[in-house]
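# Sequence first, then the predicted structure:
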Amino acid sequence: MIARLRQELSRRPDLLLIADIIPSSVKMLDLGCGNGALLKLLRAEKSVQGIGVALEQSKILECAANGVPVIHGDLNEGLRDFSDISFDYIVLSQTIQAVKRPDHLLSEMVRVGSQVVISFINIGYWEARFQLAFGGRMPVTKTLPDQWFNTENIHLATIRDFRELCARREIRILRELPVAPASNFLAKLHPNLFASTCVFVITRD
Amino acid sequence: MAKGNIGIVAWQELSFGQTEEDALLLDCGRKFGPVTLRYETYGTLNALKNNAILILHALSGDAHVAGFHSEKDRKPGWWHEMVGPGQPFDTDKYFIVCSNIIGGCSGSTGPGSINPATGQSYNMDFPVITIADMVRAQKRLMEHLGIKRWLALGGGSMGGMQALEWAVSFPDCVAGVLAIATTSRLSPQGIAFNWVGREAIMSDPLWQNGDYDDPQPEKGLSIARMLGHITYLSDESMYRKFGRRLQASDKYTFDFSRDFAVESYLQYQGTQFVERFDANSYLYITRAMDYFDLSAKYGGDLAKAFTEVKAKFLVVSFSSDWLFPPYHSRDMVKALLQNRIDVTYCDVQSSYGHDAFLLEVETLGRLITDYLANLYAEVSK
């Protein structure tokens, strides 16, 4: 079953990376948990006590079918249902760019979780830069497939931008794991240019 | 048997509390007995006795949750689409029990029952009961059935209140809770509507301080029901169902008889209700709802009320429910999370208002099916 669950997640390398980061038996909150696939894997593989948050009713139903506890909620309203440091880990995958105030959510996450794992879409990725610089238009890439007018990604930023925001909010970056579709070597050398996404582990300073 | 149809079912009764020691100690301080509980069961209790589910009904419901009482019976039980072979409460898998509450008028002991001490019906001598009292009586039924722990229990509205009370009062007896369109405490708005409903009954000259015979205070009871019914619908569902449609002609009558379809509907609901419901029971049950507040013993802190709870929760609200609004469910979820209790919460998009818990069969059915399947797999491990 675990192999099958991992197979299901393989389309999203950042999720597999997150699955490896989360230790066994921790209490975890997955914000924007989709159909609950990551939580299902971690509950089976690492006995993680996990719960998700999803905005859409259809996702709640899918999570229930996957046997994953889930709360129907809107991340734009913050994490008011959750008390301080009530989770060991909070996961937010490729979602921070879609909320109204990423800075507020970031503060909320480090309030509620001891550690926060974020996977982040990097608009500084060379392909996006190339499209903007030479095509003169907003980039449309594999990780950013929508047009500027219909995308849910309203707060795109680069890895450098994210590091700066963390510094400003007194958030410490514990780990930074760049993910590249092609060359991991280049991504590690210069993540802001060669990593299409990046997984950060952060905590309150 | 066809999928979904449970067929002909029969009710059963349990009586207890004939002696002083066996009587039910109520919240009001009175020891009360004898007590009869009417209930129905569907499906089979397995050898491990870990597949039992208790369904709890709302204000005007009863023990007859699914199926028919006879070949001629045209009206199935109140949650017929949810209970049966292959249905969310799958009678091929689970042993389903539904008990009628004390205080009611559908077979269990209530104000209309005969007081053995006087040979007359209790009427207003019936003790004021609470949701916890209803649950205490159901606990006796559980013991009688030889069940140690319910796989799950739940219901909508007042049924959800009983489910919450169960989880708090008897934490070892409940593995899962389905809290649907409910609240941990009735809102002042809910209390207000109940008050007006009771006033309508008690100001009907036929009420006679509860000592009515036949007819009962039908006018008062039907007004209470009409008022209640408005609170079960929503602005949108009324627009959809009736609009401003006129009932009989296309012109106003210019008098005060029924012009509008919505008026006609309410009157029908009121008239139907008095056929099957007892006015005094309405007083007692609404009072029990008024008094329901799980956090009352804990200085208003709901999280403290849940500290001993061991069950896993499925909480469902409906977006247009203004009688038991979604934020009540959210508060409950928050308090459960503070106690690190496993909870799934869904606010189902619906225009049906409070009644949605009876009407949104598909979405609710999917949630319940999956929730129970996972719970059953866990307890069977």
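Thanks, I have the structure now. Residues are numbered from 1 along each chain as shown, chains lettered A, B, ... in the order given.
# Now do the helices in chain A.
Under the criterion DSSP state H, helices of chain A are mapped to A:2-9, A:13-21, A:37-46, A:57-65, A:102-112, A:126-130, A:159-168, A:184-189, A:191-194.
# Return the residues in contact with the closest residue to chain B within chain A.
Chain B sits closest to residue A:67 of chain A, with a gap of 3.8 Å, by CB to the nearest CB. For every residue, glycine as well, the C-beta is placed using N, CA and C. The neighbourhood of residue A:67, defined by CB atoms under 8 Å, 6 or more residues apart in numbering or on different chains, consists of A:40, A:43, B:370, B:373-374, B:377.
# and these as TSV, adding neighbour count, pLDDT and distance to residue A:114?
Compiled in TSV, those are given as follows (neighbours: other CB atoms under 10 Å in any protein chain shown; pLDDT from 0 to 100; distance: CB to CB, whole Å):
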residue	neighbour count	pLDDT	distance to residue A:114
A:40	23	96	23
A:43	20	94	19
B:370	20	97	31
B:373	16	97	33
B:374	20	96	28
B:377	10	96	31
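# With respect to residue A:139, which of the residues you listed is nearest?
Distance to residue A:139, by CB to CB, is smallest for residue A:40 among those, at 32.8 Å.
# Neighbours of the closest residue to residue A:174 other than its chain neighbours, how many?
Counting by CB to CB, 6 or more residues apart in numbering or on different chains, residue A:174 lies nearest to residue A:201, which is 4.4 Å off, once chain neighbours are set aside. Close neighbours of residue A:201, defined as other CB atoms under 10 Å in any protein chain shown, add up to 18.
# Can you tell me who residue A:201 pairs with across the strands?
With DSSP bridges applied, residue A:201 shows beta-bridge pairing to residue A:117, residue A:175.
# hmm, back to that, so can I have a markdown table of the contacts of residue A:67 showing distance to residue A:167?
Formatted as a markdown table, the contacts of residue A:67 follow (distance: CB to CB, whole Å):
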| residue | distance to residue A:167 |
| --- | --- |
| A:40 | 35 |
| A:43 | 34 |
| B:370 | 44 |
| B:373 | 47 |
| B:374 | 43 |
| B:377 | 47 |
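# Out of those, the closest to residue A:153 would be?
Closest to residue A:153 out of the contacts of residue A:67 is residue A:40 (25.8 Å), distances taken as CB to CB.
# give me every residue that touches residue 124.
If you meant another chain, say so; for now it's chain A. Applying CB under 8 Å, 6+ apart to residue A:124 gives the contacts A:158-161, A:192-193.
# Switch to chain B, please.
Residues counted as contacts of residue B:124 (CB under 8 Å, 6+ apart) are B:111, B:209-211, B:280.
# how does it look with 10 Å?
Shown in contact with residue B:124 (CB atoms under 10 Å, 6 or more residues apart in numbering or on different chains): B:111, B:207-211, B:280, B:283-284.
# Find the centremost residue of chain A, please.
By CA atoms, centre = their mean, the mean C-alpha position of chain A lies nearest to residue A:93, the distance being 1.7 Å.
# Check which helices and strands the helix or strand hosting residue B:273 sits against.
Following DSSP states H and E, one finds residue B:273 within helix B:261-276. If you count contacts as 3 or more CB pairs under 10 Å, 6 or more residues apart in numbering or on different chains; DSSP states H and E, helix B:261-276 packs onto helix B:218-232, helix B:235-241.
# same question for the next helix or strand after that helix, mean pLDDT?
As assigned by DSSP H and E, the chain's next helix or strand after helix B:261-276 is helix B:279-291. On average, the pLDDT along helix B:279-291 is 98.
# tell me the angle helix B:279-291 makes with helix B:261-276.
Inter-element angle recorded for helix B:279-291 and helix B:261-276: 110 degrees (by axes from the mean of the first three to the mean of the last three CA atoms, to 10 degrees).
# quick check: angle from helix B:279-291 to helix B:218-232?
Using the same axes, to 10 degrees: helix B:279-291 against helix B:218-232 is 40 degrees.
# list the buried ones in helix B:279-291?
Buried residues in helix B:279-291, counted by 16 or more other CB atoms under 10 Å in any protein chain shown: B:279-291.
# Kindly export that helix (C-alpha atoms) in CSV.
Provided in CSV are the C-alpha atoms of helix B:279-291 (Å, rounded to 0.1, in the frame of the first residue of the first chain):
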residue,chain,number,x,y,z
ALA,B,279,-48.6,19.5,22.6
ASN,B,280,-47.2,18.7,26.1
SER,B,281,-44.3,16.7,24.6
TYR,B,282,-43.5,19.7,22.4
LEU,B,283,-43.2,21.8,25.6
TYR,B,284,-40.9,19.3,27.3
ILE,B,285,-38.6,18.5,24.4
THR,B,286,-38.1,22.2,23.5
ARG,B,287,-37.3,22.9,27.1
ALA,B,288,-34.7,20.1,27.1
MET,B,289,-33.1,21.8,24.1
ASP,B,290,-33.1,25.2,25.8
TYR,B,291,-31.2,23.7,28.8
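# what helices or strands is that helix leaning on?
Short answer (3+ CB pairs under 10 Å, 6+ apart): helix B:279-291 packs on helix B:131-144, helix B:158-169, helix B:188-202, helix B:218-232.
# ok, residues contacting the next helix or strand after it?
As assigned by DSSP H and E, the chain's next helix or strand after helix B:279-291 is helix B:302-305. Helix B:302-305 is contacted from outside by A:83, B:164, B:167-168, B:184-185, B:293-298, B:331-332, B:334-339, using CB under 10 Å, 6+ apart.
# re earlier: closest one of the contacts of residue B:124 to chain A?
Closest approach to chain A among the contacts of residue B:124 (CB to the nearest CB): residue B:284, at 34.9 Å.
# in terms of contact, does that closest one touch residue B:129 like I think?
Yes - Residue B:284 lies in contact with residue B:129 (CB atoms under 10 Å); the separation is 6.2 Å.
# Now for these two: what residues contact both?
B:101-104, B:110-111.
# Can you tell me which of these has the most neighbours?
Ranked by neighbour count (other CB under 10 Å), the shared contacts of residue B:284 and residue B:129 have residue B:101 at the top, with 32 neighbours.
# how near is that residue to residue B:285?
With distances taken as CB to CB, to the nearest Å, residue B:101 is found 7 Å from residue B:285.
# Overlap of the contact sets of those two?
Shared contacts of residue B:101 and residue B:285, defined by CB under 10 Å, 6+ apart, are found at B:58-59, B:110, B:129, B:131, B:134, B:158.
# Pick the one among those residues closest to residue A:87.
Nearest to residue A:87 among the shared contacts of residue B:101 and residue B:285, counting by CB to CB, is residue B:131 at 32.9 Å.
# Kindly indicate which of the buried residues of helix B:279-291 lies nearest residue B:139.
Closest approach between these and residue B:139, by CB to CB: residue B:288, at 16.2 Å.
# mind checking how far the closest one is from residue B:35?
Per CB to CB, residue B:288 is found 15 Å from residue B:35.
# Tell me how many other residues surround the residue nearest to residue B:200 when sequence neighbours are not counted.
Nearest residue to residue B:200 in three dimensions, chain neighbours excluded: residue B:223, at 4.0 Å (CB to CB, 6+ apart). The number of residues packed near residue B:223 is 20, by other CB under 10 Å.
# do the same with the one 4 residues further on
Residues near residue B:227, counting by other CB under 10 Å, number 17.
# Residue B:358 too?
Neighbours of residue B:358 under the rule other CB under 10 Å: 20.
# Tell me which residues touch it, please.
Shown in contact with residue B:358 (CB under 10 Å, 6+ apart): B:58, B:61, B:78-79, B:81-82, B:156-157, B:180-181, B:232, B:352, B:364.
# switch the cut-off to 6 Å
Applying CB atoms under 6 Å, 6 or more residues apart in numbering or on different chains to residue B:358 gives no contacts.
# Check residue B:57 too.
Residue B:57 neighbours (CB under 6 Å, 6+ apart): residue B:159.
# measure it to residue B:149 for me?
Distance from residue B:57 to residue B:149, by CB to CB: 21 Å.
# again, but for residue B:72
For residue B:72, the distance to residue B:149 - CB to CB - is 38 Å.
# okay, those two: which has more neighbours?
A count of neighbours by other CB under 10 Å puts residue B:149 above the other of residue B:72 and residue B:149, at 17 against 6.
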